[in-house]
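> the sequence and its predicted three-dimensional model are supplied below.
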Amino acid sequence: MCALSRFTFVLLAAALLLPVSAASVLAQTVEPQLTMHRTEAAADDGTGWHRANSTKGKFAVLMPAPFNDFTVSGVDAKIGNFAIHTIGTELPGGVRISVTEMPITPTMTRPRLDDILADWQTKPFQTLSEIERSPTATGERLSFTVVDTVDNAAFTRYELTPNALYTFVIEFRNWRKDEIGAIRDRIYASFKPGS
């Protein structure tokens with residue numbers, strides 16, 4: 001359950017090393033290690049949703065199904081040691097959901113939401129819509145919807161805090177947008193950084 005799709009990997013790579021390209025990330029990362037903390041973990045809150053507290057990360061979020069909790073760590077020539085903490089699940093019909101924390105390391109360039117948005121706006125074969133920027137209690141967030149040329153879509157949110165960049169990705173077929181929008185809203189509302 002919840003293997004990273006190519007689309008999700010590109011989202012994470014874009015967040016990880018902006019402005020470094022995804023191809024450069026692959027070339028410079030030395031054997032990343034996957035540590036699976038929990039697989040299909042269930043923590044039903046009584047409504048069918050599951051409270052997911054990241055084992056190594058500093059965040060909690062509600063998931064609409066049992067979830068995986070894992071860390072990808074390694075060494076990169078540009079940012080040094082890194083660890084990316086993810087909670088993810090998959091729903092019937094190919095809906096994939098992930099929330100990822102990327103702690104900001106002392107050697108990396110601090111991510112900028114303007115750069116992330118500009119990078120997304122230059123990618124071919126996709127359209128961005130519903131772009132929203134807003135402040136948070138500890139930083140700022142950027143949200144948008146992306147649709148590719150074969151009708152794959154994703155609700156995407158980046159939340160930048162002083163110590164981490166959080167990335168939300170909810171992948172689905174675009175014809176399910178209204179249905180999945182309700183799931184997105186509950187996930188976004190439940191997010192607790194620093195938990």
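Yes, it's here.

> make it CA atoms for all contacts and neighbour counts henceforth
Will do.

> grab the nearest non-local neighbour of Gly57.
Leaving aside its sequence neighbours, Gly57 sits nearest to His85 (C-alpha to C-alpha, 6 or more residues apart in numbering; 5.3 Å).

> before we move on, what about Phe172?
Leaving out its chain neighbours, the residue that sits closest to Phe172 by C-alpha to C-alpha, 6+ apart is Val95, at 4.8 Å.

> still on that earlier bit, element containing the residue nearest to Gly57, please.
Secondary structure assigned from DSSP states H and E places His85 in strand 80-91.

> next, the angle from whichever helix or strand comes after that strand to strand 80-91.
Following strand 80-91 in sequence order, the next helix or strand is strand 95-103 (DSSP H and E). Relative orientation of strand 95-103 and strand 80-91, computed by axes from the mean of the first three to the mean of the last three C-alpha atoms, to 10 degrees: 160 degrees.

> quick one, what contacts the closest residue in space to Gly88 that isn't next to it in sequence?
Excluding the flanking residues, the one nearest Gly88 by C-alpha to C-alpha, 6+ apart is Ser98, at 4.1 Å. For Ser98, the contacting residues are Thr86, Ile87, Gly88, Thr89, Thr167, Phe168, Val169, Ile170, by C-alpha atoms under 8 Å, 6 or more residues apart in numbering.
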